[in-house]
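Provide a 3D model corresponding to the input given below.
(2 chains)
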Amino acid sequence: MGEKKSDVLQGTLDLMVLKTLHAMGPLHGFGIARRIEQLSKDVLQLNEGTVYTSLLRLQQQGWIGSRWGTSENNRKARFYSITRQGKKQLELETENWERIAAVIGRVLRLERQG
Amino acid sequence: MRWLRLWAAKATGLLKGKRLDSEFEAEIESHLHLLTERYLRQGMSSAEAATAARRQFGNVALLQQKQRAQWSFVSPAEWWGDTRFGLRMMRKKSRSNAAVVLALALGIGMNVAVFSFVNALLLRPPAGVSAMGSLLEIWLHSRTSTGVQSYLPFTYPDYAYYRDQSRALEGVLAFDGDGAPTIWNRSGEGQVIQRQLVSGNYFPLLGVHATLGRVISTGDDQPASPHPVVVLSHSFWQRELASDPGIVGRTLVLNGAAFSVIGVAPPGFAGLLVGIAPDFWVPLTSQAQFTHDKERLTNRNAYWLIVAGRMRTGVDARKAQAEMHVLAHQRELNYPDSNKNLDAIVYPATLVPGPYRGYVSAFTGLLLAVFALVLAIACTNAASLLLARATGRAREMAIRSALGAGRARLIRQMLVESLLLSAIAGMAGVMLAWWFARLLLELKPASLPVTIEVPLDWRVLLFALLVSLTTGIVFGLVPALRSAAVNAAPVLKEETQSGGLRKSRLRSLLLIGEIAACVVLLAGATLCVRSLMHANSIDPGFDTQHIAVTTLDPGTLGYSPEKVDAFYRRLMGRVLALPGVTAASYVNHLPLGTSREATSVGRHVGHDPDPLLVNVFRVEPGYFSAMGTTLLSGRDFTQQESDSPDAGVVIVNDVLARKLWPGQNPVGKRIALGGEKATSEVIGVVKSGKYRTLGEGPVGVVFRGTLPPARTLVLRTSGDARPLLEEVRRTVQVVDPMMAATGTQTIEEYMALPLFPARTTGLLLGASGILAVTLTAIGLFGVIAYVVSQRTHEIGVRMALGARPTDVLKIVMRQGMVVTSIGLCIGLAAAFGAARLLAPLLYGIGANDPATLVGVAVGVTAVAILACYVPARRAMRVDPAVALRCE
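Down below sits the predicted model:
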């Protein structure tokens, strides 16, 4: 293994999946994994299986829905899409995340100054 | 909300587990396929690509397991595994398990049986009534007295006033609260059936509709001209009229008057009062047809109506109560002579009338507490057994925990096993409860005109489920926690003397609690059984053998006083001629029954400074000799004195004689009876007895003549009274075919009524006491036997070192005795406190009767010695050589 990649922070995968579905529209699990891989630019270490755990969690909360369809290469695949409730949740979580990130950022900058 | 959706999702998962599983598999499969294809395009070999894809995807099996856990509560497969394992373990130790299940089933069964009565009396709404929630009972309440006596039913004028004036209640209904026998002329022969007089708005306010025809309406219930109409109960229609579909419009002759049937009530509907199952309903205002009391509807002193009102929407019980206070106050102002100090109190309507509810709940609450204690003893037994077993299974638990089972997993396994035991016990308990409830109903004296339905409905089953679950957790949790706290390493290294001090101390604590509970129950049981023996030996003031009684009421047939007298004279002549009859007489009602008549007496007419309240019995000549009541001085009535309304002679009992004329001869003295203008002469004094209850103190009584049409015939015979009963019934029919004798029974059967409370509590608490002793003995025996088996090695060593068998006996016995004496002390202290609750149910015995407590202490000690001695003897016989070798 080359340089060490960071593990996905607990709970952030759900947010990423939600955001991906919001931005890209209906996608299957493989598509979501590709998108996250592409965006994270090899910074994050991701077991792609965990995407499915996240998808199930989100589905049970009613934030995403799913239906069976056919993929680009004519395979049967389950397509996930964000629900209205999911969009609300996404807004909430995004705000939350930004606030926490800002605080952490400030704290870290303080450390550096001191 | 969020957890709700989650649970819903999990529940769907539970239902569609298989399908979700396979769908998920397909999804993973396709993902892996796509990954592999990507790696193939990057130029890997197919084997390399597959491996790389799997690496990138992660652990598929783990993911699937996680997924499954996510869509189910706990994997059902695991539960099923635990259950199957539990069942296997149970079969292995089937005998001791059967003992535990039996004890628990008895405990649960008793509790459920008592609860089924609580449910029948206090919780269950009356069958067929839809508007129960908005109904309020209303009772008149006398501010000057206390207890049940201070609550009065309504008079008709009061009822009419409240009905017409209330704004908070949309309607106020009334019905006659007594079970009232009526003679139905069934093609020339009299048959006794039960009536209930109801107001015209009774059925409409309850929301009860007729199955056939129509119900009684306000139009039928007019004081000026009541319609002679009758609504039949469904069961009467089925039983006596063979469900005749053409019954509406036909005529029934009731107490000699014709009533036309207008409808049949819905199945199950039996009115609002527990214990009374009317065969038919008639309008309230037609009461004169039945009671021959033409004044009753205007009488402001006749309290006979049970009243309930239905609240308007938006009105609550508090508002209704406030209005009732106002109405009561208004009545007080308008009629100070009859309504002074009479308030009106509302209660939510249930099958037991409001004022009595407290007594019923106190009694059933006491029984529930008693049987909860029995169940607690059974639980303790089960817990100590499981604890002992847990020590034996320490190795199994150690292996499980070494293989990675968590603490929670071990606790679950143990709890599943104890819940299995309690579930089986619960099912057996429900069956036992059904049987107990029937047995208890059998105890009810036949003369009590009461029918009680004790259904095993969903409330009872829910209670049984909760009790079983709680039981399983209570007796399973401690052993489960203990065995889950296993320390794997030393156990697996075969340091087998596990557990040790802490576990045995816990067992001792359990035993102490068990013995204490047993002492409390046994003390209660002994008190009740001794009080029952007392009650049986209380002298009621008359003979309780060789007497037959029967009740007659020709007044119900509308006979004139002359015709009534003629009937009784002819009947007397006939019964005196029956073989074996030595004496016969009439009385208006027997002592210790449900009827009473009271008046105040004094030495002078008018305002006596301190009038005495006494009971009144109206008798014919020969009553005292027929009942076997001793005439202490003076003479009996003559027939003429008894018949004449102004004979001016009475007989008193010696309690009253001593109160009015202490130290003097009462015969020839004058006595003033309440409401009479002239004094009467005392012509005789009889020995005092019991008149209202067997437990009562001395009560003054006046016997006088002038009997009402309703009378009880008392027959004294030289031999067994039983064969006489059929003769009496036949004789009544011969004298007048239209008459029907009710309550024809021997005096022994009659005494079942006053003895009922003592017998019921005696039987129930007696059973609880026996159960408690047996269970405690088994528990003690089991624990001591187990301790002995655990200490076999130690005992062997001791004996090898020279201990004599008696020393071994001493060691083992001491362990049992220390526990017993501590439990005994705690138990006696608790019994001392708890017995006070029983005091009102006891006859002729103090609640803290020292003899009882000493007796219980001795008894429990004896049982404990026996329970310890048997295993101790086994310890004594241990062969040191064998004991040492088995290590």
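
burial measure for B:Ser286, as a count.
23 (other Cβ atoms under 10 Å in any protein chain shown). Placement of C-beta: from N, CA and C, glycine included.

do the same with B:Asp316
Neighbour tally, B:Asp316, other Cβ under 10 Å: 11.

for the nearest residue to B:Val264 once chain neighbours are set aside, give me phi and psi.
Among residues not flanking B:Val264 along the chain, B:Leu212 sits closest, at 4.1 Å (Cβ to Cβ, 6 or more residues apart in numbering or on different chains). The phi/psi pair for B:Leu212 (degrees, to the nearest 10) reads phi -140, psi 140.

pLDDT score for B:Leu212?
The model reports B:Leu212 with a pLDDT of 91.

do B:Val491 as well
We have a pLDDT of 69 for B:Val491.

again, but for B:Gln70
pLDDT recorded at B:Gln70 is 62.

the helices in chain A, which residues?
Remark: helices assigned in chain A by DSSP state H are A:12-24, A:29-40, A:49-61, A:84-113.

ranking these by burial, who's on top?
Of all the helices of chain A, helix A:49-61 has the most neighbours on average by mean count of other Cβ atoms under 10 Å in any protein chain shown, namely a mean of 21.

establish whether that helix and chain B are in contact.
Yes: against chain B, helix A:49-61 shows contacts by Cβ under 8 Å from any Cβ of the partner chain at A:49-50, A:52-53, A:56-57, A:59-61.

which one of these sits closest to B:Val454?
Taking Cβ to Cβ as the measure, B:Val454 sits nearest to A:Gln60 out of these, at 46.2 Å.

before we move on, the earlier item: hang on, the residue nearest to B:Val264 packs against B:Ile262?
No: between B:Leu212 and B:Ile262 there is no contact under Cβ atoms under 8 Å: 9.5 Å.

so what's in contact with these two at the same time?
Here B:Leu212 and B:Ile262 share the contacting residues B:Val248, scored by Cβ atoms under 8 Å, 6 or more residues apart in numbering or on different chains.

and the residue nearest to B:Val264, how far is that from chain A?
Using Cβ to the nearest Cβ, to the nearest Å, B:Leu212 is found at 54 Å from chain A.

ok, that residue - contacts?
Contacts for B:Leu212 (Cβ under 8 Å, 6+ apart) come out as B:237, B:245, B:247-248, B:263-264.

okay, the residues of helix A:49-61 next to chain B in JSON lines with pLDDT next?
Below are those laid out as JSON lines (pLDDT from 0 to 100):
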{"residue": "A:Gly49", "pLDDT": "81"}
{"residue": "A:Thr50", "pLDDT": "82"}
{"residue": "A:Tyr52", "pLDDT": "85"}
{"residue": "A:Thr53", "pLDDT": "82"}
{"residue": "A:Leu56", "pLDDT": "83"}
{"residue": "A:Arg57", "pLDDT": "82"}
{"residue": "A:Gln59", "pLDDT": "84"}
{"residue": "A:Gln60", "pLDDT": "81"}
{"residue": "A:Gln61", "pLDDT": "82"}
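
pLDDT weak spots in chain A?
Applying pLDDT under 70 to chain A flags the ranges A:1-11, A:42, A:45, A:111-114.

that one against chain B: which residues are in contact?
Proximity of chain A to chain B, by Cβ under 8 Å from any Cβ, involves residues A:28-30, A:33, A:47-50, A:52-53, A:56-57, A:59-62, A:71, A:75-78.

rewinding a little: out of the helices of chain A, which gets nearest to B:Lys444?
Proximity to B:Lys444 (Cβ to Cβ) singles out helix A:49-61 among the helices of chain A, at 57.0 Å.

pretty sure A:Ser54 is touching A:Leu13, no?
Yes: the pair A:Ser54 / A:Leu13 is scored as a contact, 4.8 Å apart, by Cβ under 8 Å.

center of the chain, which residue is that?
Answering for chain A, as no chain was given. Nearest to the mean C-alpha position of chain A, by Cα atoms, centre = their mean, lies A:Met16 at 1.8 Å.

actually, chain B is the one I wanted.
Closest-to-mean residue, chain B, Cα atoms, centre = their mean: B:Phe117 / 4.2 Å.

could you say which helix or strand holds that residue?
Using DSSP states H and E, B:Phe117 sits within helix B:94-118.

buried residues in that helix?
Using 16 or more other Cβ atoms under 10 Å in any protein chain shown as the test for burial, helix B:94-118 gives B:97, B:99-118.

same deal with stretch B:147-164?
Neighbour-count burial for stretch B:147-164, counted by 16+ other Cβ under 10 Å, picks out B:150-163.

can you check stretch B:277-289 too?
Using 16+ other Cβ under 10 Å as the test for burial, stretch B:277-289 gives B:277-287, B:289.

the residue nearest to the centre of chain B contacts B:Pro455, correct?
No: between B:Phe117 and B:Pro455 there is no contact under Cβ under 8 Å: 10.9 Å.

next helix or strand past whatever helix or strand B:Asp807 lives in?
Taking DSSP H and E as the definition, B:Asp807 sits inside helix B:805-838. Note on helix B:805-838: by DSSP H and E, the next helix or strand toward the C-terminus is helix B:850-876.

what's the angle between that following helix and helix B:805-838?
150 degrees (axes from the mean of the first three to the mean of the last three Cα atoms, to 10 degrees).

please identify the buried residues of the helix or strand following helix B:850-876?
Next along the chain after helix B:850-876, taking DSSP H and E as the criterion, comes helix B:880-885. Under the neighbour-count criterion of 16+ other Cβ under 10 Å, helix B:880-885 has B:Ala883 buried.

mean confidence (pLDDT) on helix B:880-885, please.
Here helix B:880-885 scores 73 as its mean pLDDT.

on the three-state scheme, the closest residue in space to B:Ala53 that isn't next to it in sequence is what?
Spatially, and ignoring its direct neighbours in sequence, B:Ala53 is nearest to B:Leu35 (3.7 Å; Cβ to Cβ, 6+ apart). Assigned by DSSP: H, G, I helix; E, B strand; the rest coil, the conformation of B:Leu35 is helix.

now for B:Leu35, how many residues are close by?
Neighbouring residues of B:Leu35 were enumerated by other Cβ under 10 Å; the total is 22.

from the contact counts, what lies against the helix or strand hosting B:Leu613?
Per DSSP H and E: B:Leu613 is located in strand B:612-618. With contacts taken as 3 or more Cβ pairs under 8 Å, 6 or more residues apart in numbering or on different chains; DSSP states H and E, strand B:612-618 sits against strand B:598-602, helix B:654-660, strand B:701-704.
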